[in-house]
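> I'd like to go over a predicted model; first the sequence, then the structure.
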Amino acid sequence: MTFRQGGRLDTSGVSGGGRGGRRGIAVGGGVGGLAVVLIALFLGVDPGQLGLDTGPTGAQEQGSDSAQQFQAHIDQCDLQQANSDTICRIVATTESLEDVWTIQLPDQVGMSWVQPRTTVFSGAVDTGCGAASSDIGPFYCPAGQTVYIDPSFFDSVLVGQLGGPPSGAAQMYVVAHEFGHHLQTMLGDIRRSQQDPQGPSSGAVRVELQADCYAGLWAHYATSTPAPDGGPPLLESLTPQDVDAIVRTAEAIGDDHIQRTGGGRVDPRSWTHGSSEMRRQWFLTGYQQGSVQACDTFRAQL
């Protein structure tokens, strides 16, 4: 996936570091904590064991310097850098997502899109859902309507530990997946994960698969959606190699693959995100059909 050359980015929706207010629920991305965090908060397990803590931390003090460094990096991003720099790619992807959903959500659902915030951090960050560490992976906090991403996740975990492809398209898919959780919050579907947090056909899995489908829907329209000023789309191309990299990433963050990689047995009863095949299938459903209605995982037979 290649961003067009030339032009500045609107970086106003992305910030470095972050602070939270009230306690809420963190919704995990490819690897992290949706169901496990829900279990922690609703069944009394210590969230700190999962990388999410609702008590005081030193994250604000320890992260102030890195937050300023991230912000300086974000502020100088342009489209050319987005093709080679991870942080700038995150910024450009959020802008592309806004372009697509600003058109598709009113057209398909009759609702206006409200852009979430995106926070880039390192190590730990305070959020409206508690103090989170990078251990839970990229995540979305409904309480603050904010996506949180530690850029080191892509190389150290997604590629290094899970064997995913070192691909810019894969990184963009992860961002688009987290924006899918924001759309679920807007539509009221995110709560379904709380009622049924584990299992191969659980509400938690259906929520994650729907976010994958929404990521596919974004990819369907990303190269044809004009910029807000009427200019050309931010993304110039989506090649078969890009789609293959995204599919391989979806498979790498399937629950069964993660369980095998961790040396354990595959136990569908503990699944919170869906199998590799499920995640692959639902991304492709969104990508091929480009329809919010087609992403109704809650009525689908899993």
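Yes, it's here.

> what's the burial count for the spatially closest residue to residue 205 that is not a sequence neighbour?
In space, and not counting its chain neighbours, residue 205 is closest to residue 274: 4.6 Å by CB to CB, 6 or more residues apart in numbering. Placement of C-beta: from N, CA and C, glycine included. Each residue near residue 274 was counted by other CB atoms under 10 Å, and the total is 29.

> Tell me the pLDDT of residue 274.
Listed pLDDT for residue 274 reads 95.

> Hmm, it is touching residue 258, no?
No - with contacts counted by CB atoms under 8 Å, residue 274 stays clear of residue 258, the gap being 10.9 Å.

> what about the residue nearest to residue 205, which SS state?
The three-state assignment at residue 274 reads coil, by DSSP: H, G, I helix; E, B strand; the rest coil.

> May I have the phi/psi pair for it?
The phi/psi pair for residue 274 (degrees, to the nearest 10) reads phi 100, psi 160.

> Contacts only, for it.
200, 205, 208, 209, 212, 254, 255, 282, 302 (CB atoms under 8 Å, 6 or more residues apart in numbering).

> Repeat that for residue 15.
So residue 15 contacts 67, 70, 71, 74, 117, 118, 119, 120 (CB under 8 Å, 6+ apart).

> Which of those fall within helices?
Cross-referencing the contacts of residue 15 against helices under DSSP state H gives 67, 70, 71, 74.

> Surely the second one and residue 17 touch.
Yes - with contact defined as CB under 8 Å, residue 70 counts as touching residue 17 (6.5 Å).

> okay, and the common contacts of those two?
residue 121.

> thinking again about what came up before, now render the ones in helices among the contacts of residue 15 as JSON lines, adding distance to residue 222.
What follows is these, written out as JSON lines (distance: CB to CB, whole Å):
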{"residue": "67", "distance to residue 222": "29"}
{"residue": "70", "distance to residue 222": "25"}
{"residue": "71", "distance to residue 222": "26"}
{"residue": "74", "distance to residue 222": "21"}
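
> Next up, phi/psi of the residue sitting furthest away from the middle of the chain, please.
The outermost residue of the chain relative to its centre, with distances by CA atoms, centre = their mean, is residue 230 at 27.1 Å. The phi/psi pair for residue 230 (degrees, to the nearest 10) reads phi 90, psi 0.

> Which pLDDT does the model give it?
For residue 230, the pLDDT comes out at 85.

> which ones are touching the residue nearest to residue 254 when sequence neighbours are not counted?
Distance criterion CB to CB, 6+ apart; nearest residue to residue 254, sequence neighbours excluded, is residue 276 at 3.0 Å. By CB under 8 Å, 6+ apart, the residues touching residue 276 are 250, 251, 252, 254, 256, 257.

> Widest-spaced pair of those?
Distance extremes for the contacts of residue 276: the farthest pair is 250 and 256 at 12.3 Å, using CB to CB.

> Pick out whichever of those two has more residues nearby.
Between residue 250 and residue 256, counting by other CB under 10 Å, residue 250 is the more crowded of the two (31 against 21).

> Name the helix or strand for that one, please.
If you go by DSSP states H and E, residue 250 is part of helix 240-252.

> One more: residue 106?
Residue 106 is located in helix 86-109, with elements delineated by DSSP H and E.

> Which elements pack onto that helix?
Counting contacts by 3 or more CB pairs under 8 Å, 6 or more residues apart in numbering; DSSP states H and E, helix 86-109 packs against strand 14-16, helix 59-75, strand 117-120, helix 168-187, helix 203-222.
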